[in-house]
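Student: Make a model of this:
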Amino acid sequence: MPAPTALELLWGTQQRARRGPKPALSLDRIVGEAIALADAEGLANLSMQRLAERLGFTKMSLYRYVPGKAELTALMLDAAIGTPPPPTPGWRAGLQIWANTIFARYSAHPWTIDLTTGQRPVGPNELGWMETALTALDGTGLTGSERLDTIVLLNGHVRSLVEQLAPPNTSDDVYATQLAETMSAVGHLYPAATAAFAEESANGHPGNALQFGIDRILDGLAVLIDRRGLASPA
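Tutor: Numbers count the residues shown, from 1 in each chain. This is a model prediction of the structure:
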């Protein structure tokens, strides 16, 4: 029997019959341990050999369940992003929750950003996220292409911030100290930056680039929807 493809594994369309006692390994266990390894050590340190060692099995044992790393990472991505949030009344509220939730999922597993680029097999969870966002935009008067582009725009904003906020080489406190020292020394050369940082500090709270970007995207979308005159309540 040929090895299952990533699509077959993602959608469960090729389940191999197994006789005898329940096997010690399972595909779910392999994928779960692979996610834990990627979370702890990064995707670059994931290998079938390293994963087998963590599971206490031989590398060849893993190949009975998944043909290779490409298929494994496809399964990891779909499992890591999980299922989308349930529908929420109003297109704007629905997309707000959608964007904030996928931000949390990406942030919990920053390596998923590397796996969501280019052409690749799409699993049920990833397709479910698309379905949820498209459904939120039902009744807005937007075309199918416009609704798909809305997903790309929101997801692009979220992905960009996850990349920027991924665990850094230095802590937030060290970064803040270094920036303060730099601005103290050369801030007079950058008056606009100095004024912006001073105003933010005076307000007593940092900016929220995630929410600011989501709101501005949805504000622009609201203008387009209102222009069509067919919108359901936001």
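
Student: who touches the residue nearest the centre of the chain in this structure?
Tutor: Nearest to the mean C-alpha position of the chain, by C-alpha atoms, centre = their mean, lies Y106 at 3.1 Å. Residues near Y106 by C-beta atoms under 8 Å, 6 or more residues apart in numbering: 81, 112-113, 158-159, 162. Just so you know, the C-beta spots here come from the backbone N, C-alpha and C atoms, and that holds for glycine as well.

Student: Which residues outside the longest helix along the chain are in contact with it?
Tutor: What stands out as the longest helix in the chain, according to DSSP state H, is helix 144-165. Helix 144-165 has contacts (C-beta under 8 Å, 6+ apart) with 95, 98-99, 102-103, 106-107, 110, 113, 116, 130, 133-134, 137, 140, 142, 209-210, 213-214, 217, 221, 224.

Student: Dump the C-alpha coordinates for it into CSV.
Tutor: Taking C-alpha atoms only, helix 144-165 is exported to CSV below (Å, rounded to 0.1, in the frame of the first residue of the first chain):
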residue,chain,number,x,y,z
GLY,A,144,-16.6,36.5,-3.1
SER,A,145,-13.3,38.0,-4.2
GLU,A,146,-13.7,40.9,-1.8
ARG,A,147,-14.5,38.7,1.1
LEU,A,148,-11.5,36.5,0.3
ASP,A,149,-9.3,39.6,0.1
THR,A,150,-10.6,40.7,3.5
ILE,A,151,-9.4,37.5,5.0
VAL,A,152,-6.0,38.0,3.4
LEU,A,153,-5.8,41.6,4.7
LEU,A,154,-6.7,40.7,8.3
ASN,A,155,-4.6,37.6,8.4
GLY,A,156,-1.6,39.6,6.9
HIS,A,157,-1.9,42.2,9.7
VAL,A,158,-2.1,39.5,12.3
ARG,A,159,0.8,37.5,10.9
SER,A,160,3.0,40.6,10.7
LEU,A,161,2.6,41.4,14.3
VAL,A,162,3.2,37.8,15.4
GLU,A,163,6.5,37.9,13.5
GLN,A,164,7.4,41.2,15.2
LEU,A,165,6.4,40.0,18.6
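
Student: Can you name the element that comes right after it?
Tutor: Next along the chain after helix 144-165, taking DSSP states H and E as the criterion, comes helix 172-186.

Student: Show me what the next helix or strand along the chain from that following helix packs onto, helices and strands only.
Tutor: Note on helix 172-186: by DSSP H and E, the next helix or strand toward the C-terminus is helix 191-203. Where contact means 3 or more C-beta pairs under 8 Å, 6 or more residues apart in numbering; DSSP states H and E, helix 191-203 is packed against helix 172-186.

Student: Now the helix it packs on: buried residues?
Tutor: For helix 172-186, burial by neighbour count (16 or more other C-beta atoms under 10 Å) applies to M183.

Student: Ok, stretch 128-142 next?
Tutor: 129, 132-133, 136-137, 140, 142.

Student: Dump those residues into TSV; add distance to E200 and secondary structure as well.
Tutor: Listed next are the buried residues of stretch 128-142 as TSV, based on distance: C-beta to C-beta, whole Å; DSSP: H, G, I helix; E, B strand; the rest coil:
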residue	distance to E200	secondary structure
W129	33	helix
T132	34	helix
A133	32	helix
A136	32	helix
L137	34	coil
T140	35	coil
L142	35	coil
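
Student: Using JSON lines, lay out these together with distance to V122.
Tutor: Below are the buried residues of stretch 128-142 laid out as JSON lines (distance: C-beta to C-beta, whole Å):
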{"residue": "W129", "distance to V122": "10"}
{"residue": "T132", "distance to V122": "14"}
{"residue": "A133", "distance to V122": "14"}
{"residue": "A136", "distance to V122": "19"}
{"residue": "L137", "distance to V122": "20"}
{"residue": "T140", "distance to V122": "24"}
{"residue": "L142", "distance to V122": "22"}
